[in-house]
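# sequence and predicted model, in that order:
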Protein chains: 2
Amino acid sequence: MALIVQKFGGSSVANAERIKNVAKRVVRTKRKGVKLVVVVSALGDTTDELLDLVGQITDRPSEREMDMLLATGEQVSVALLAMAIHQLGEKAISFTGPQVGIITDPMHTKARILDINTSRIEKALREGNIVIVAGFQGKTVTEEITTLGRGGSDLTAVALAKALRAKHCEIYTDVDGIYTADPRVVPNAQKLDVMSYDEILELASLGAQVMQSRSIEVGKKFNVPIYVRSSMNDTPGTLIIKETRKMEDVVVSGVALNQNEAKITMFKVPDQPGVAAKIFKVIADHGINVDMIIQNKTQTKTTDISFTVAKSEIKKALEAVRKAARSVHAGPVTSDGHIAKVSIVGVGMKSHTGVASKMFGALARKRINIDMISTSEIKISCVVPGNKGKEAVRVIHQEFGLGKN
Amino acid sequence: MALIVQKFGGSSVANAERIKNVAKRVVRTKRKGVKLVVVVSALGDTTDELLDLVGQITDRPSEREMDMLLATGEQVSVALLAMAIHQLGEKAISFTGPQVGIITDPMHTKARILDINTSRIEKALREGNIVIVAGFQGKTVTEEITTLGRGGSDLTAVALAKALRAKHCEIYTDVDGIYTADPRVVPNAQKLDVMSYDEILELASLGAQVMQSRSIEVGKKFNVPIYVRSSMNDTPGTLIIKETRKMEDVVVSGVALNQNEAKITMFKVPDQPGVAAKIFKVIADHGINVDMIIQNKTQTKTTDISFTVAKSEIKKALEAVRKAARSVHAGPVTSDGHIAKVSIVGVGMKSHTGVASKMFGALARKRINIDMISTSEIKISCVVPGNKGKEAVRVIHQEFGLGKN
């Protein structure tokens, strides 16, 4: 009998009505004759409500106690879903992450899964249960409760699918699957039937946040097929698997837009070996994640360096960068929050030429100025003015013929 | 260094403000130079909110899943209290019941504590922490989450006090301590400084529900001194200890009123050996708890039997009793929901005579008719008409000189 792991996010279990809907879907799947493990996130607003309480108590909560607190959200969901399944006449049993032996390192609020002891789940499955597991959480070897950070429930699902040698893992969300572009920006965007792990990884990092990168990386590492599907309907969604030769026929799979970055430029940076390393060490030491980095060599003995950071970190980043600039005797530092990053992704790029020039040409015809460019084997990103981001996505989407006819 | 266990109930941690107040009190106690273990219940309305969700999903929830669900309430409280204590600059660490090794039997929703492994708490105390433990919960030897039923957090506190050989256990509540009568009924009722376990046990069973009987029984069995105190002020509360000779000077400690019982009478029950046993077996088999039982011998070959049950169970009880009546060929069955049970309690009764006649005389002078009487070594209970219950309490309270001057 095939084993499937399904994961339902917070919006799918936001209230009693939705929990009952998930129960119906789960029972329907079970009755098709499969073994079923269901991973659930916390009820819609639970986490926000708990964080609100924390905010009234302290502005620097201990990470250990945060894990203790937030892990309760998923525990509530799994118990309620088990009850809803019982109400439909099926056997079900719920477990917390610690109970099913999801062992993590002790890095509270962002723990990594070290090991999963599947014996308890396997026993419950043998007894005919739908097994419901709290996502997002685990325990250390010393029985401390940990959480896995953002997207942790996806990670739980994929890791369980691997550990249990599941046929595949289904991630239920509020969209039908992964699209060639955001349908709110490009009305004729198409749902993709199949994508590679690498493409999704690029898309996630580019701001099309369908799934967190970590769970895709685990899926890729252990070759777990992942379906991204809607919990609202029965359309098959998008299947994420490892790259096949057939995929390479498609040059560009999708266009992503990220409007959450800001650009920082350091002028007159001494053009000497080791200077860049020094600058980015200061920035990293301040915990700032840097995305694209561009260095423009000029005619003088100095150079200008630009890079992008998350808009939410711009204040902290500027402090760090100004400190770095002083330490290397560089010139002024400026920032620009009005930028958009437009990216194309596709495994076919590796074997096709002229993709970049086609993208740049499309932008040029619409007189959209390109500010920064960065590329990898399977993606090309351009930073354009913030107010041109959506237009850029549409023109590129059309240029590569990704839309529905 | 002395070790104290403190327990704060749901109303003491109902919101962020109250949690901060508990934190202040706890830190103040710690800084007096004691080792401190704090047991906390779920935040005020949490349990009701979870039960409301359950009600929308099923009308017969699995007890195992109920435990899974409800145990989250205390987990939230302990994490928030730990954060509030950190905010005041003291070391604190929170644990769930399962984490500190509170091992129970597998009777979900009403589990009994089998064992407590104190090594984790003792280690945390040695490291200078205020140790915060989730009340009401434990785990079985197979790592199933269990809850201890009504008053479970009190039980956790008293059991921990025993296991850790604490100096005493403090139960914080919204009253100043235990009174000679309910101050809402008897305005000049006095707070008692000291009471015996047995008196409290009688009071609890008589409807003055200050603490659940189970935790007092544990306190009595292991001789753990228990303070019942208010979390709102610093008055010393009532100390519950084992009976001392001095206590016997006080004939009557308190007067209790229970208006939550109903009376059932079976007429014309055949007066033969074994009939009563048969009747009460049927009733017990239906899960009905019977309190007072009175059998009135009549002149004929039959007898009438009256007893009291909880009002909330009257419908279920009547069904069972009618079934029992048929099976022993008894006559009609009637019920009366308009009764009140008034009781006096005091260890001094054992060595003083005339206590019962004094009580009956006081009621007679007010023309309050006594319907049923039941006595133990340290208590006398009378059933009176429901609308006379409060008056009966007041007159008895005065008769025994319990009021403030």
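Structure received. Numbers count the residues shown, from 1 in each chain, chains lettered A, B, ... in the order given.

# tell me how many other residues surround the closest residue to chain B within the stretch 201-350 of chain A.
Using C-beta to the nearest C-beta, A:S231 is the residue of the stretch 201-350 of chain A that sits closest to chain B, at 17.0 Å. C-beta coordinates here come from the backbone N, C-alpha and C atoms, glycine included. Counted with other C-beta atoms under 10 Å in any protein chain shown, the neighbours of A:S231 add up to 21.

# make sure it is actually in contact with A:E170.
No - counting by C-beta atoms under 8 Å, A:E170 is not a contact partner of A:S231; they are 9.8 Å apart.

# and A:I368, what is it in contact with?
By C-beta atoms under 8 Å, 6 or more residues apart in numbering or on different chains, the contact list for A:I368 reads A:V384, A:P385, A:K388, A:E391, A:A392, A:V395.

# SS state for the spatially closest residue to it that is not a sequence neighbour?
Distance criterion C-beta to C-beta, 6 or more residues apart in numbering or on different chains; nearest residue to A:I368, sequence neighbours excluded, is A:K388 at 4.7 Å. Under DSSP: H, G, I helix; E, B strand; the rest coil, the three-state class of A:K388 is helix.

# can you check A:D234 too?
Criterion first, three-state DSSP; result for A:D234: coil.

# let me see the backbone angles for it.
phi -110, psi 10 (degrees, to the nearest 10).

# A:A317 too?
Per degrees, to the nearest 10, the backbone of A:A317 is at phi -70, psi -40.

# would you check that it makes contact with A:V309?
Yes - the pair A:A317 and A:V309 qualifies as a contact (C-beta under 8 Å) at a distance of 4.5 Å.

# show me what the one helix or strand A:I103 maps to packs onto, helices and strands only.
Per DSSP states H and E: A:I103 is located in strand A:102-104. The contact analysis (3 or more C-beta pairs under 8 Å, 6 or more residues apart in numbering or on different chains; DSSP states H and E) places strand A:102-104 against strand A:113-116, strand A:137-139.

# kindly state the beta-bridge partners for A:T173.
Beta-bridge pairing of A:T173 under DSSP bridges involves A:S230.

# now do the SS call for A:T353.
Judged by three-state DSSP, the three-state class of A:T353 is coil.

# just A:A23 next, same as before
Applying three-state DSSP: A:A23 is helix.

# can you check A:G177 too?
Under three-state DSSP, the three-state class of A:G177 is coil.

# what pLDDT does the closest residue in space to A:N117 that isn't next to it in sequence get?
Using C-beta to C-beta, 6+ apart and skipping the chain neighbours, the partner closest in space to A:N117 is A:G101 (3.2 Å). What the model reports for A:G101 is a pLDDT of 92.

# contact partners for A:G101?
A:G101 makes contacts with A:D115, A:I116, A:N117, A:T118, A:S119, A:R120, as judged by C-beta under 8 Å, 6+ apart.

# got a list of what the third one touches?
Right, the one you point to is A:N117. Contact analysis of A:N117 by C-beta under 8 Å, 6+ apart lists A:V100, A:G101, A:I103.

# list the buried residues of stretch A:212-225.
Neighbour counts over stretch A:212-225 (16 or more other C-beta atoms under 10 Å in any protein chain shown) mark A:Q212, A:S213, A:R214, A:S215, A:I216, A:E217, A:V218, A:G219, A:K220, A:V224, A:P225 as buried.

# now do stretch A:140-149, average pLDDT.
95.

# go on, stretch A:274-288?
86.

# what's the answer for stretch A:344-361, then?
Confidence for stretch A:344-361, expressed as mean pLDDT, is 88.

# tell me how far it lies from the chain's centre.
Its chain's C-alpha centre and that of stretch A:344-361 lie 24 Å apart, by C-alpha atoms, centre = their mean, to the nearest Å.

# contacts for that stretch, please.
A:196, A:198-199, A:202-203, A:206, A:243, A:247-256, A:370, A:375, A:377-380, A:382, A:396, A:399-400.

# can I get it in PDB? Just the C-alpha atoms.
Taking Å, rounded to 0.1, in the frame of the first residue of the first chain, the C-alpha atoms of stretch A:344-361 are listed here in PDB:
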ATOM      1  CA  ILE A 344      13.500  34.500 -15.300                       C
ATOM      2  CA  VAL A 345      14.100  30.900 -14.300                       C
ATOM      3  CA  GLY A 346      14.400  27.700 -16.400                       C
ATOM      4  CA  VAL A 347      16.600  24.600 -16.600                       C
ATOM      5  CA  GLY A 348      16.500  25.000 -20.400                       C
ATOM      6  CA  MET A 349      18.700  28.000 -20.200                       C
ATOM      7  CA  LYS A 350      21.700  25.800 -19.700                       C
ATOM      8  CA  SER A 351      21.300  24.400 -23.300                       C
ATOM      9  CA  HIS A 352      19.900  27.400 -25.000                       C
ATOM     10  CA  THR A 353      21.600  30.600 -26.000                       C
ATOM     11  CA  GLY A 354      20.400  34.200 -26.400                       C
ATOM     12  CA  VAL A 355      18.100  34.000 -23.500                       C
ATOM     13  CA  ALA A 356      19.600  37.000 -21.700                       C
ATOM     14  CA  SER A 357      19.600  39.200 -24.800                       C
ATOM     15  CA  LYS A 358      16.000  38.300 -25.500                       C
ATOM     16  CA  MET A 359      15.100  39.400 -21.900                       C
ATOM     17  CA  PHE A 360      17.100  42.700 -22.100                       C
ATOM     18  CA  GLY A 361      15.700  43.400 -25.600                       C
END
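
# list the buried ones in it?
A:I344, A:V345, A:G346, A:V347, A:G348, A:M349, A:V355, A:K358, A:M359, A:F360.

# now the helices: where do they sit in chain A?
Remark: helices assigned in chain A by DSSP state H are A:16-31, A:46-57, A:63-87, A:119-126, A:152-163, A:197-205, A:213-222, A:275-285, A:314-327, A:355-365, A:389-399.

# so the closest residue to A:V290 other than its chain neighbours bridges to which residues?
Spatial nearest neighbour of A:V290, chain neighbours left out: A:F307 (5.0 Å); criterion: C-beta to C-beta, 6+ apart. When assigned by DSSP bridges, A:F307 has beta-bridge partners A:I264, A:I293.

# other residues contacting the lowest-mean-pLDDT helix or strand in chain A?
Lowest on mean pLDDT, DSSP states H and E among the helices and strands of chain A sits strand A:290-297, with a mean of 82. Residues outside strand A:290-297 that contact it (C-beta under 8 Å, 6+ apart) are A:261, A:271, A:276, A:280, A:283-284, A:303-310, A:341, A:372-374, A:381, A:383.
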